[in-house]
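Student: Give me a 3D structure for the following:
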Amino acid sequence: IRFYEQAGLLPEPPRTSGGYRDYPPQAAHRLAFIREAQSAGLTLAEIRSVLAVRDSGGAPCVHVAGLIEQHLADIERRMAELRTTRTALRTLARRAAATDPSTCTEEDICRIIRTPMPSDNKGLSPRA
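Tutor: Coordinates of the predicted model:
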C-alpha cells in the first residue's frame, strides 16, 4: 500500500493518535481499481492520470478509452513484429538443419545467420 502512496496513486491516510495509518473504506476500492488497471496493462503513470481525472470530479471514460486504444494498437504492432520474427527464425531453422558445419569458413562467421556473399559483389569491399 505504501508503494502506491509513494507513486501518487493512493492519498496518504490520516493517522490514529498512536501514529498508525487509518485507511478509509474507499482506499480498498481504489486499490482494487489500481490492480485491475495494472492487469489490463496500464502503467502507473496512466493509472495516475485516470485517478487525477476522477479526483478532479470528472468521469475518466473518454481518457480510459483512449488509453485502451493506444495499448491495443501497441499490441497489434508487437504481434506483427513477432510474426515477422517467427518467419525469419523458421527460415533460419531450416537453413540450420541444412547447413554442414564443415563447409563454413572463418569469413562466413556463421552461415546459418548470414548467407555467404556472392563472388560478384559489384565492386563493394567486404568492409563496406
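Student: farthest residue from the center of the protein?
Tutor: S17 (43.8 Å; C-alpha atoms, centre = their mean).
Student: what helices or strands is the helix or strand harbouring E36 leaning on?
Tutor: Assigned by DSSP states H and E, E36 falls within helix 26-39. Packed against helix 26-39, as judged by 3 or more C-beta pairs under 8 Å, 6 or more residues apart in numbering; DSSP states H and E, are the following elements: helix 44-55. Yep, even glycine has a C-beta here, placed from its N, CA and C like the rest.
Student: List the buried residues for the helix it packs on?
Tutor: Residues 46-51 are the ones in helix 44-55 that count as buried (16 or more other C-beta atoms under 10 Å).
Student: Now flag whichever of those is closest to T103.
Tutor: Taking C-beta to C-beta as the measure, T103 lies nearest E46 of the buried residues of helix 44-55, at 53.0 Å.
Student: Give me the distance between the closest one and R95.
Tutor: 42 Å (C-beta to C-beta, to the nearest Å).
Student: quick one: average confidence on the helix or strand containing L67?
Tutor: Here L67 sits within helix 61-98, counting by DSSP H and E. For helix 61-98, mean pLDDT is 97.
Student: Which positions in that helix come out as buried?
Tutor: Of the residues in helix 61-98, those buried (16+ other C-beta under 10 Å) are 63-64, 67.
Student: Model confidence for the residue farthest from the centre of the chain, exactly?
Tutor: 92.
Student: Figure out how far the helix holding L67 is from the centre of its chain.
Tutor: The chain centroid and the centroid of helix 61-98 are separated by 11 Å under C-alpha atoms, centre = their mean, to the nearest Å.
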